[in-house]
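[1] requesting a structural model of the entry that follows:
(2 chains)
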Amino acid sequence: MSEAYNPTELLICIAARLMEDGTTAFIGTGIPMLAASLAQKMHAPNLVPIFEFGGTGGSLEDLPRAVGEARTFYRAVAASGICDIMETAQRGFIEYGFLGGAQIDPYGNLNSTVIGDHDRPKVRLPGSGGANDVGSFCWRTIAIMRHDRRRFVPRVDFITTPGYLTGPGAREAAGLPPGTGPYRVVSNLALMGFDEASKRMMLLALNPGVTLEEVIENTGFELIIPDEVGRNGPPTAEELRVLREEVDPHRLYI
Amino acid sequence: MNVIASGVGELIQPPDMDAFREWNRRKSKALVDKRMSEQEAIARFVHDGDYVGTELYGTVRAPMSLCRELIRQGKKDLRLAGQGVMELDLIIAAGLVKKLDFTYIGLEVYGVSNALRRAVESGQIEQVVEWSNGGITWRFKAASMGVPFIPVRAMLGTDTFKYSAAKAVECPFTGETVCLLPALILDVGIIHVHRADKYGNAQIDGISGFAFEMSRACKRLIISTEQIVPDEEIRRTPDRTIIPYYLVDAVVEAPFGSYPGEMCYLYERDEEGIKEWVEASSTAEGAQAYLDKYVYGVKNHQEYLELVGQERLDYVRSIVKGR
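    Predicted coordinates:
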């Protein structure tokens, strides 16, 4: 029933399934754009994608390649500016925020600033961009990551974007809006959530063909493994058709 | 106010709101023709050591022609509001930047900027102070409001805060912890728009990014525009004006001024043109060769467009999807 697919296609399909119809979602460059476009064409025609420089509620018929370009506000309900969008998020209007990064830790803190010391970095990365704002304000943030020990680390080199910081209560103590924080982590190996009590990352479901051992081996910290671990279904033939023929026909990403 | 925590980053451009008021009072409100060449605009209004900001972001409505001219003239020791992609990448690759207030400099879908990596990892850029995109825009907003800081709920609890020049304080009204961002007043702002009249009244189509806030947070403002339109057209559609003339010091006509980036409803970005920089900039030598060809090797924007060729320009115009 399922045809061959590549890891990027799987990531996009699993992220898209998390996008709910009728909700607002803060969308960044890359896989979140493809996932939002796929979700709109599949199960969530009324998904409201929000882009940081002003596009609100557009129709992602053509894939944007940058967060400010015209495709982010094609047939949109509004084309405003970054203050409006960030303030909308700060007021609590945006449910989901999709993020990526070079590193993630057990509390969902993300690093996209530097590898090594800040003032003498080994690798200077592109910086926060809107990620810190998204991770501070959106009710539920979803990180999309490739899964290996270099990326899933016990401590990120630099907390660019807040997850649960040092654990329960830390976000609120720092002054971040209560009730916000990491919700899911989508990787090429598995889907993860966060344990309610400890705020630490917890395995929810394995991707098709992936073993529990593989996930543990590729995670640089102790992942909470519940008694029942689910299994994500592979991309369906229809998801793959829409993704390949409509979402990214020029194969910019997939 | 009880200060709970302070970022360790340098406040690269400390705000002086009274001096800004005095500056704005002295700025001419006369309706005069401010049209000039990009050479004249950059030579007159940008100085070595200035604090400079550009708008918009990515490869969208980026003031590429003015930034190429700034590089051509070798304006150096610049301090930059680092929220950009290709225009800032070129300036950094040319070795003109001393200090950076940093939010994002990268190549978006093409990943990390190698020009930035070389400049920061070697220590050529002396200071890098972190902010979020919302953070730096709100710093412009504070300046545009004429107040020395603005409270927000971002950046708290993170290393982005720790390496910024922000402060966390106890709100005197609610007792909550809030993040205070210092106003950011630019020496020079550079913004590309869809249309402007000769006085500098400027209109933007599509999203306005942070043009509204940044244009009001500048001591000097250089506008480049796809098209100079009669004053009458502005007066017929004043609701479309984002930047009124009295903020503006220079108006430069620059068709395809954002190329190889895009200008919504006029032309799309040229993927091949962008990839050329992405590939060239992977090495210092490649970046230099690119600058030699497209910046130092041409006298002005007109020559640049001739080098690019009509075929590319027609192509990027032909693929616009429209509204």
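[2] ok, and the helix or strand in chain B with the lowest average confidence?
    Least confident helix or strand, chain B: strand B:78-84 with a mean of 92, by mean pLDDT, DSSP states H and E.
[3] the stretch 1-150 of chain A: helices as residue ranges?
    Along the stretch 1-150 of chain A, counting by DSSP state H, counting those that start in this stretch, helices occupy A:7-17, A:31-41, A:82-90, A:131-137.
[4] if we can go back for a sec, next helix or strand past the least confident helix or strand of chain B?
    helix B:86-93 (DSSP states H and E).
[5] which helices and strands sit right next to that next one?
    helix B:64-72, strand B:78-84, strand B:97-105, helix B:114-121, helix B:271-280, helix B:284-291 (3 or more CB pairs under 8 Å, 6 or more residues apart in numbering or on different chains; DSSP states H and E). Bear in mind the C-beta positions are built from the backbone N, C-alpha and C, glycine included.
[6] circling back to that earlier point, run the chain-centre distance for the least confident helix or strand of chain B.
    Remark: strand B:78-84 is offset 7 Å from the chain centroid, using CA atoms, centre = their mean, to the nearest Å.
[7] contacts for it next, please.
    A:127, B:12-13, B:48-54, B:57-58, B:62, B:88, B:91, B:96-105, B:133, B:136-137, B:184, B:186, B:210 (CB atoms under 8 Å, 6 or more residues apart in numbering or on different chains).
[8] buried ones among these?
    A:127, B:12-13, B:50-54, B:57-58, B:62, B:88, B:91, B:96-105, B:133, B:136-137, B:184, B:186, B:210 (16 or more other CB atoms under 10 Å in any protein chain shown).
[9] coming back round to it: make a markdown table from the helices of the stretch 1-150 of chain A and add distance to chain B to it.
    Listed next are those as a markdown table, based on distance: least, CB to the nearest CB, whole Å:
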| stretch | distance to chain B |
| --- | --- |
| helix A:7-17 | 13 |
| helix A:31-41 | 9 |
| helix A:82-90 | 4 |
| helix A:131-137 | 4 |
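[10] what mean pLDDT does the strand or helix carrying B:F212 get?
    Secondary-structure element containing B:F212, defined by DSSP H and E: helix B:211-215. Taken as a whole, helix B:211-215 has a mean pLDDT of 98.
[11] send the alpha carbons of that helix over as CSV?
    As requested, the backbone C-alpha atoms of helix B:211-215 are provided in CSV (Å, rounded to 0.1, in the frame of the first residue of the first chain):
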residue,chain,number,x,y,z
ALA,B,211,9.8,49.7,7.0
PHE,B,212,7.3,51.7,9.1
GLU,B,213,9.3,51.3,12.3
MET,B,214,12.8,51.6,10.8
SER,B,215,12.1,54.6,8.7
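[12] before we move on, what SS does the spatially most central residue of chain B have?
    Nearest to the mean C-alpha position of chain B, by CA atoms, centre = their mean, lies B:T54 at 0.6 Å. Here B:T54 is recorded as strand under DSSP: H, G, I helix; E, B strand; the rest coil.
[13] doesn't B:P63 make contact with it?
    Yes: between B:T54 and B:P63 there is a contact under CB atoms under 8 Å: 5.6 Å.
[14] list residues touching both of those two?
    The contact sets of B:T54 and B:P63 overlap at B:87, B:190-191 (CB under 8 Å, 6+ apart).
[15] before we move on, the earlier item: and the helix holding B:F212, what does it pack onto?
    strand B:51-55, helix B:133-145, strand B:186-196, strand B:241-243.
[16] could you dump the shared contacts of B:T54 and B:P63 to TSV with pLDDT and neighbour count?
    Shown next, in TSV, are the shared contacts of B:T54 and B:P63 (pLDDT from 0 to 100; neighbours: other CB atoms under 10 Å in any protein chain shown):
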residue	pLDDT	neighbour count
B:E87	93	27
B:I190	98	30
B:I191	98	30
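[17] which residues touch the spatially closest residue to A:P154 that is not a sequence neighbour?
    Take A:P154 and drop its neighbours on the chain: the residue closest to it by CB to CB, 6 or more residues apart in numbering or on different chains is A:F221, 4.5 Å away. A:F221 makes contact with A:105-106, A:152-154, A:201, according to CB under 8 Å, 6+ apart.
[18] show the pLDDT at A:F221.
    For A:F221, pLDDT reads 98.
[19] secondary structure element for it?
    Using DSSP H and E, no helix or strand contains A:F221.
[20] and the gap between it and chain B?
    Using CB to the nearest CB, to the nearest Å, A:F221 is found at 19 Å from chain B.
[21] for A:Q103, see how far away that residue is.
    11 Å (CB to CB, to the nearest Å).
[22] name the residue of the stretch 1-150 of chain B that lies nearest to chain A.
    With CB to the nearest CB, the shortest gap between the stretch 1-150 of chain B and chain A falls at B:G106, namely 2.8 Å.
[23] kind regards, and thank you for your time.
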